Each structure stands twice: as C-alpha cells, then as structure tokens.
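A.B. asks: Sequence and computational prediction follow.
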Amino acid sequence: MALKNKIRSYGELVMFSHSLFSLPFALIAMIWAADGFPQPRLIALILIALLAGRNGANAINRVIDASYDKKNPRVAHRHIPQKIVSEKEALLLSIILFIVFIVAAYMINPLCFYLSPVALTLFIAYSYTKRFTWACHLILGMTCAGAPFGAWIAVTGSLSYEPFLISAAVAFWIGGFDVLYGTQDISFDRKEGLYSIPAYFGYENSLKIAAFFHIISWMILFLIYFVLNNGYIYLAGLLVIALLFAIEHKLVRPGNVKLMNWASYHINQIVSVTFFLFSFLDFWLRGGF
C-alpha cells in the first residue's frame, strides 16, 4: 500500500494526466510520417521517450520552482511544499526519467539520439526562463512541441519541414493557454520579480495575446491541410477546435479558479483529443492504412 501511495504521489507530482496535451499531436505526427502505423517496437519506443521526457521535465520543474511554490498560495498545496515528496526524490525521479528518455532515443535512430541533448536542455532551461523573459510561455510551447517533432523524426530518421509546422502549431497553442493560466499569478509574479506576459502586459492585454497565439496556431493547422493534402474530415475537426478556442476564451474570468481550470486544462485536453480523432479518421477514410 505504501508503494502504491508513493507511485500515486509521483504521478500527481508530475501531473501525469496532463500528458494528454501534446501526446495526441505526437501520435498523429507519427502516423502521418509513417503513412500508417510503424512497427510495434518503434511505437513503444516513441511512447516511452515521450512519457519519460515529459514527466522528467515536470519533475525537474517542481524542484526548480519549489522555493516559489512555497510562497505562492495558489500552488502551496503541491507535493514538494507540503513535503509529500522531497526535492531529492523529485530530482532523482527526473534523472531516472531523463536516462530512460536518452536510452529510448538511442534505440530509435541516430538523429533522435543526437537531438536528445537539445530536448533535455529545453526540459531543464524552461523552468528558469520565467526569471528573465516574459516569452517563457512560448518557450514552454516550444518544449512541448518537441513531442510531435520527435515522433516524426523517429519514423523518418531525417529532418523535413512538415514536423516544424506541426510543432509550431503546438507551440503557439500551448503558449496561448499558458498565458491564460498565468493571469492567476499577476500579483505574485510582480511581487517576486518574475517575468510573464500577464505580469508585464497586464490582464486585458494578456487575453488578447493569448487569443492571437491561438489564432496563429489554428492558421498553421489550416496550412497543414494543404501541405499534407488532408481531407474534409480534418477540416471539420479544425472547425470544432475553433469553437473550443472560442469557448475557452469566453470562460476566462478574473479570480474564478474553476472556470480557469476548465479554460486552461480541460478544454485544451479536449482540443488535443479532437485533433487526433478527426485527423486519424480523415487519414483512415482516405485509405491511409
């Protein structure tokens, strides 16, 4: 029972359920790159690399931000401030997961292995960017955008322009809803001298910037329709995503934590799953398998 509770605590520490954000984009990128399903071994290695990298990054983020989390009433309930998980435990967890990530990248292909230090640098460096730049939201987006990029090159073993487009869409999408999420910490960030778009530009301007990021993301996804010669079901999915974006921005209200969680997390998880399902169905019905 103690082991089970500890595993649950680690899962909550890294917010394992939030893997739903970029994972569906990575899976559809994998399918597009392979023009179908790759070999089961490669699928397994891609999933291992994605989950290890993503959760290792979250674990190290909790360690790096621990001193601020303790002072921020909104996140003071997190596992390290509450001493449910120690900083040493979280650090060890991140090291183990990063090793798994590197080994998986090595087993996939040489290009993935050679680029793994770049991914690791982003995993670690992102947590420090809020100390010196309000562009931290886009850097988080770039970090998460490595998932579809990595999945694509895991299949092809080479660089091409298509994964850059998918990754750019993901970067602006995640950057946008991270800006919305960051509006909850305007006072705290200003007090602690932290950088963020909400702290620098103010609440109202932040909403406009977040909406602008999401418009860019949607336009890139629309461009992908032409680049990959996708079908009408893919376009239908983009219309659903546009509606979800509109709902997300409509829900944002100052001080309403419940609505903010829906806008920042739940709706965007629906966005990623929607993108995968419509893209997958479009690919399948056009004879992709």
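C.D. replies: Perfect, I can see it now. Numbers count the residues shown, from 1 in each chain.

A.B. asks: residue ranges for the helices of the stretch 1-150 of the chain, please.
C.D. replies: 2-13, 23-34, 40-64, 66-69, 87-108, 110-129, 136-156 (DSSP state H, counting those that start in this stretch).

A.B. asks: what distance separates stretch 20-31 from the centre of its chain?
C.D. replies: Relative to its parent chain, stretch 20-31 has a centroid offset of 10 Å by Cα atoms, centre = their mean, to the nearest Å.

A.B. asks: go on, stretch 172-189?
C.D. replies: In terms of Cα atoms, centre = their mean, the centre of stretch 172-189 is found 14 Å from the chain centre.

A.B. asks: coming back round to it: reformat the helices of the stretch 1-150 of the chain into CSV and put mean neighbour count next to each item.
C.D. replies: The way it works is simple: take the backbone N, C-alpha and C, and place the C-beta from them, glycine included. Converted to CSV, the helices of the stretch 1-150 of the chain look like this (neighbours: other Cβ atoms under 10 Å):
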stretch, mean neighbour count
helix 2-13, 12
helix 23-34, 23
helix 40-64, 21
helix 66-69, 16
helix 87-108, 18
helix 110-129, 16
helix 136-156, 24
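
A.B. asks: burial count for A171?
C.D. replies: The local packing of A171 (other Cβ atoms under 10 Å) involves 26 other residues.

A.B. asks: Reformat the helices of the stretch 1-150 of the chain into TSV and put distance to W284 next to each item.
C.D. replies: Supplementary listing: the helices of the stretch 1-150 of the chain in TSV, determined by distance: least, Cβ to Cβ, whole Å:
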stretch	distance to W284
helix 2-13	32
helix 23-34	9
helix 40-64	16
helix 66-69	43
helix 87-108	25
helix 110-129	27
helix 136-156	17
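
A.B. asks: need the contact list for S167.
C.D. replies: When contacts are counted by Cβ atoms under 8 Å, 6 or more residues apart in numbering, S167 is found next to 142, 145-146, 148-149.

A.B. asks: give me the element it is part of.
C.D. replies: Following DSSP states H and E, one finds S167 within helix 161-182.

A.B. asks: any idea which helix or strand comes after that helix?
C.D. replies: Scanning the chain past helix 161-182 towards its C-terminal end, the next helix or strand to appear is helix 186-192 (assignment: DSSP H and E).

A.B. asks: List the buried residues in that next one.
C.D. replies: Residues 186, 188-189 are the ones in helix 186-192 that count as buried (16 or more other Cβ atoms under 10 Å).

A.B. asks: quick one, what contacts G146?
C.D. replies: Counting by Cβ under 8 Å, 6+ apart, G146 makes contact with 53, 119, 122, 167.
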